[in-house]
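S.K.: how would this look folded up:
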Amino acid sequence: MRRNKPFHDRTKWNALLTALLGGLLLGGCDQPTQSQGPPSAAEVATVTVTTQAVVLTTELPGRTSPYLVAEIRPQVSGLIQKRLFTEGSDVKAGQALYHIDPAPFQAALDNAAATLTAARKNADRARAALIASKAGLTRHRATLKLAQVNRERFEEAYRDRAVSANQRDQAATEAEVAEAALQAAEAQVESDRKAIAAAEAAIQQAEAAQEIARIQLGYTKITAPISGRIGRSSVTVGAIVTAYQPSALATIQQLDPIYVDVRQSTTELLSLKRSLDHGRLNPNGSSQNKVRLLLEDGAAYPLEGTLQFRDVTVEPSTGSVVLRVLFPNPEGGLLPGMFVRAVVQEGIREKAVLVPQQAVSRDPKGNPFSLIVEAQGKVAQRMLTLDRAIGDQWLVSEGLAPGDRVIVEGALRVRPGTSVKEVPFQPGGKENVKPDGTARPAGKSN
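M.R.: Reported below is the predicted structural model:
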């Protein structure tokens, strides 16, 4: 009997618990049900639409490019004797970069100088010969004149029978000989003149050859045509280079200032032009050409750039035009080839309508709309035309007018035609929403 006592105790306690639970259930059923009143109007947070002047900007992708680029190539062929710069350093215009072996070019210059000296001596001899031939020409003219006088005299004397026929013939022959000698003297003078002309031409040719040799000797010293940062050298000391070879010895790039080439689609360009033509957008004066820059990591570049020009040719492959912007780069933070985003100013929208982005929803077709509260306190739906996002707001082109009260919070609990209770919207996201999803009145935080 002692073994069964615990069993009887458990049975007694189970029966007691069952009785207590049954009493509680019966007591709950006997309490009268409380009546529920009519549902209260849902609370929504709204903003009143106003217009304001907004500076419109466009972010365009771009790439940096150097302001000036000079590829260093030799202008004469030869052996590299020296390299006179440090790779990656800054160089100045006129600074020597390479030395090519000057020995063959110095020899060519010396040869040209010797040729020029010989040509000048030949010219001096030709001038002296011309002077002598001119003197001989003068003598022969005098001799011819005397011979002609004697011939006439003997001719008269022969008619008077004062001289014989032989004497007359001898005087005529002497005149003919003097005339022939004069012609030879004239030919010699002309020959000497031609010799002088040839000698002077030889002098000019020798002078040109000497100048070319001097220039080529100067080309053995390769200098920097611009100031900037020089890259790596493609040749070393002892390399043979060729005049105007296709591969550059090194490249110099001027990086301050630096260009940023961005691309704008023709669709955006036509839309901007249309907005300006219709007066929806006003140019922003001198600030219109100011451009800001966003780096690859999203950081803003501290200095503003200036828009230089828009290209007039559309690239067929991309359907875009190139905008070139000039940025100061005193610290060298912008390097050629970097991807950046340029913030280009389009103009000022004088009467822009901005609403918070959470106030805009989309229907199943993706069309944007907003819910507004009409004068009777009822909800109405407005289809919208959106221009772009500006920060955490939408720029609305059509659909809203100044004075409209747009629902920002609580829109999910209401439908068009329902009555709502308005409270002012306070920016801050979820601070104005109760745990049940309704809008919290302004000034309450719990």
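
S.K.: domains of the protein?
M.R.: If you go by automatic domain parsing, the domain ranges for the chain are 45-53+352-432, 55-67+253-349, 74-100+220-247, 103-210.

S.K.: format the ones you listed as TSV; extra columns: mean neighbour count and mean pLDDT.
M.R.: Placement of C-beta: from N, CA and C, glycine included. TSV is the format used below for the domains of the chain (neighbours: other Cβ atoms under 10 Å; pLDDT from 0 to 100):
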stretch	mean neighbour count	mean pLDDT
domain 45-53+352-432	16	87
domain 55-67+253-349	15	83
domain 74-100+220-247	15	94
domain 103-210	15	90
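
S.K.: and Val47, which of the three is it?
M.R.: For Val47, the assignment made with DSSP: H, G, I helix; E, B strand; the rest coil gives strand.

S.K.: start the count at 53, not 1, going forward
M.R.: Renumbered: residue one is now 53, and that last one reads Val99.

S.K.: how near is the closest residue to it other than its chain neighbours to Tyr311?
M.R.: The shortest distance from Val99 to any residue other than its chain neighbours is 4.8 Å, reached at Phe477 (Cβ to Cβ, 6 or more residues apart in numbering). Taking Cβ to Cβ, to the nearest Å as the measure, Phe477 falls 45 Å from Tyr311.

S.K.: likewise for Ala261?
M.R.: Note on Ala261: its distance to Tyr311, by Cβ to Cβ, is 44 Å.

S.K.: mind giving me the packing neighbours of the longest helix along the chain?
M.R.: In terms of residue count, the longest helix belonging to the chain (DSSP state H) is helix 155-211. Packing partners of helix 155-211 (3 or more Cβ pairs under 8 Å, 6 or more residues apart in numbering; DSSP states H and E): helix 217-271.

S.K.: for the helix or strand harbouring Gln316, name the packing helices and strands.
M.R.: Per DSSP states H and E: Gln316 is located in strand 302-317. On a contact count with 3+ Cβ pairs under 8 Å, 6+ apart, strand 302-317 meets strand 103-124, strand 280-282, strand 357-362, strand 372-379, strand 391-408.

S.K.: next, the angle from it to strand 103-124.
M.R.: Relative orientation of strand 302-317 and strand 103-124, computed by axes from the mean of the first three to the mean of the last three Cα atoms, to 10 degrees: 150 degrees.

S.K.: what sits against Ser285?
M.R.: With contact set as Cβ atoms under 8 Å, 6 or more residues apart in numbering, Ser285 has these partners: Arg135, Phe137, Glu139, Leu301, Ala302.

S.K.: now with 10 Å?
M.R.: By Cβ atoms under 10 Å, 6 or more residues apart in numbering, the residues touching Ser285 are 124, 132, 135, 137-139, 149-150, 291, 300-303.

S.K.: same question, Pro408
M.R.: Contacts of Pro408 (Cβ under 10 Å, 6+ apart): 97, 99, 422, 443-446, 458, 460-461, 477, 479, 481.

S.K.: rerun that using 6 Å as the cut-off
M.R.: Counting by Cβ atoms under 6 Å, 6 or more residues apart in numbering, Pro408 makes contact with Gln445, Val460.

S.K.: identify the bridge partners of it.
M.R.: When assigned by DSSP bridges, Pro408 has beta-bridge partners Gln445.

S.K.: separation between it and Val373?
M.R.: From Pro408 over to Val373 (counting by Cβ to Cβ), the distance is 34 Å.

S.K.: contacting residues around the helix or strand where Arg434 lies?
M.R.: Following DSSP H and E, one finds Arg434 within strand 431-435. Applying Cβ under 6 Å, 6+ apart, the contact partners of strand 431-435 are Phe421, Ser422, Leu423, Ile424, Glu426, Gly451, Val466, Pro468, Thr470, Val472.

S.K.: which SSE is immediately downstream of it?
M.R.: Per DSSP H and E, strand 431-435 leads on to strand 437-442 as the next helix or strand towards the C-terminus.

S.K.: how far does that next one sit from its chain's centre?
M.R.: Distance, stretch centre to chain centre, for strand 437-442: 30 Å (Cα atoms, centre = their mean, to the nearest Å).

S.K.: report the angle between it and strand 103-124.
M.R.: Using the same axes, to 10 degrees: strand 437-442 against strand 103-124 is 60 degrees.

S.K.: so which elements touch strand 437-442?
M.R.: strand 445-450 (3 or more Cβ pairs under 6 Å, 6 or more residues apart in numbering; DSSP states H and E).

S.K.: rerun at 10 Å
M.R.: Judged by 3 or more Cβ pairs under 10 Å, 6 or more residues apart in numbering; DSSP states H and E, strand 437-442 is in contact with strand 103-124, strand 391-408, strand 445-450.

S.K.: the first one pairs with which strands, and in what direction?
M.R.: Strands that pair with strand 103-124, judged by DSSP bridges, come out as strand 302-317 (antiparallel), strand 391-408 (antiparallel).

S.K.: now those as a markdown table including distance to Thr358?
M.R.: Shown next, in a markdown table, are the strands paired with strand 103-124 (distance: least, Cβ to Cβ, whole Å):
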| stretch | distance to Thr358 |
| --- | --- |
| strand 302-317 | 9 |
| strand 391-408 | 11 |
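
S.K.: quick one: which of those is nearest Lys246?
M.R.: Comparison of those against Lys246 by Cβ to Cβ identifies strand 302-317 as nearest, at 52.8 Å.

S.K.: between the two ends of stretch 419-433, how far is it?
M.R.: With Cα to Cα, to the nearest Å as the measure, stretch 419-433 spans 12 Å from end to end.

S.K.: Gly384 contacts Asp308, doesn't it?
M.R.: Yes - between Gly384 and Asp308 there is a contact at 6.9 Å, judged by Cβ atoms under 10 Å.

S.K.: next, show the common contact partners of these two.
M.R.: Here Gly384 and Asp308 have Arg281 as joint contacts, going by Cβ under 10 Å, 6+ apart.

S.K.: now Gly462: how far from Tyr119?
M.R.: According to Cβ to Cβ, Gly462 and Tyr119 sit 56 Å apart.

S.K.: which residues touch the closest residue to Tyr311 other than its chain neighbours?
M.R.: Excluding the flanking residues, the one nearest Tyr311 by Cβ to Cβ, 6+ apart is Ser117, at 4.7 Å. Contact analysis of Ser117 by Cβ under 10 Å, 6+ apart lists Gln305, Leu307, Ile310, Tyr311, Val312, Asp313, Arg376, Pro388, Gly389, Met390.
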